[in-house]
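1. Here's my sequence, what's the structure:
(one chain, ligands or ions: 1)
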Amino acid sequence: MHIRVINPNTTRAMTDLIGRSARVVAAPGTVVDAVQPTMGPASIESHYEEALAVPGILEQVALGEAEGVDAYVVACFGDPGLDAARELAHGPVIGIAEAAMHAAALVGRRFVVVTTLGRTVARARELADRYGFRETCVAVRACEVPVLDLEDPGALARLTDECRSAVRVDGADAVVLGCAGMAELCEGIADAVGVPVVDGVAAGTVLAQSLVALGLRPATTGEYAAPPAKPMAGLLTGFEIRAGVPVAVA
Ligand code: 5HY
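-> Numbers count the residues shown, from 1 in each chain. Just a heads-up that it's a prediction; the model follows:
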């Protein structure tokens, strides 16, 4: 089985971290490759950056389709481009927010998402509501550490403190880490706060692997049917669809 984990931002160190975390939980015989777009923002912390990350994500999915990739993980907590990617991919496409929230809801009754900057809190709340966790996700918190500063001295302490508050103040019995860049901090934080802490990169990888093992893939009719053929202008001409595939990789 071949799983492609896509870091939607263009920071190589984060792509490498994401790949390491996914490989920890990959089953024997599962090949995991971690990729990033050839274009796009260094990190994603705003709607603008999230929108600009989507073409690069779709490019990596289209390339994966040509290489026979069995499933994809979109490793950014905003789950950018998830529905569009499902229109292109023959195999499952899992967002780390969706995967982490489902995992948290299977081990707790009241989970809290702890994300990076306060401006991304509403997006996490919106995803929790869309995914059916309006009641189970009792709060979304921000540690106010930028995505690319998560390995700085003091960042782990700030994140851990916010996770502790989720338990002590919000009554969380599970915590979801709201950034792919937190993946390698998960185990230490779980030891510190005493409740299950979920990393979406690992959860997404296991879920993608499980869906392939179940023979499940995106529906090819209705909303996830292949996009229609249609002219594309300007910088996006390579994304023009012919026979369900962007021409740039056809
Ligand atoms: C992520 N941004 O997982 C999100 C986290 C966030 O570049 N990778 C990013 O703050 O939304």
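2. Which residues of this protein lie near the ligand?
-> For the chain, the residues in contact with the ligand (CB under 6 Å from any ligand atom) are 9, 43-45, 76-78, 115-116, 120, 147, 179-181. Where you see a C-beta, it was placed from the backbone N, CA and C, and this is true even at glycine.
3. Highest neighbour count among those residues?
-> C179 (33 neighbours; other CB atoms under 10 Å).
4. need the contact list for that residue.
-> Counting by CB atoms under 8 Å, 6 or more residues apart in numbering, C179 touches 77, 115-116, 147, 150.
5. Over to V74?
-> Residues near V74 by CB under 8 Å, 6+ apart: 6, 8, 57, 80-82, 85, 93-96, 204.
6. again, but for V61
-> If you count contacts by CB under 8 Å, 6+ apart, V61 has them with 4, 6, 72, 85, 88-89, 93.
7. Strands - which of these land there?
-> 4, 6, 72, 93 (DSSP state E).
8. per-residue confidence for the second one?
-> According to the model's per-residue confidence, I6 sits at a pLDDT of 98.
9. any idea how far the ligand is from it?
-> Going from I6 to the ligand by CB to the nearest ligand atom, to the nearest Å gives 11 Å.
10. That residue contacts I57, doesn't it?
-> Yes - in this structure, I6 is within contact of I57 by CB atoms under 8 Å, at 5.7 Å.
11. Would you check how far apart A157 and M182 are?
-> 13 Å (CB to CB, to the nearest Å).
12. who's more crowded, these two?
-> In terms of neighbours (other CB under 10 Å), M182 is the more surrounded of A157 and M182; the figures are 29 against 12.
13. ok, now which ones touch the more buried one?
-> Contacts of M182 (CB under 8 Å, 6+ apart): 150, 159, 199.
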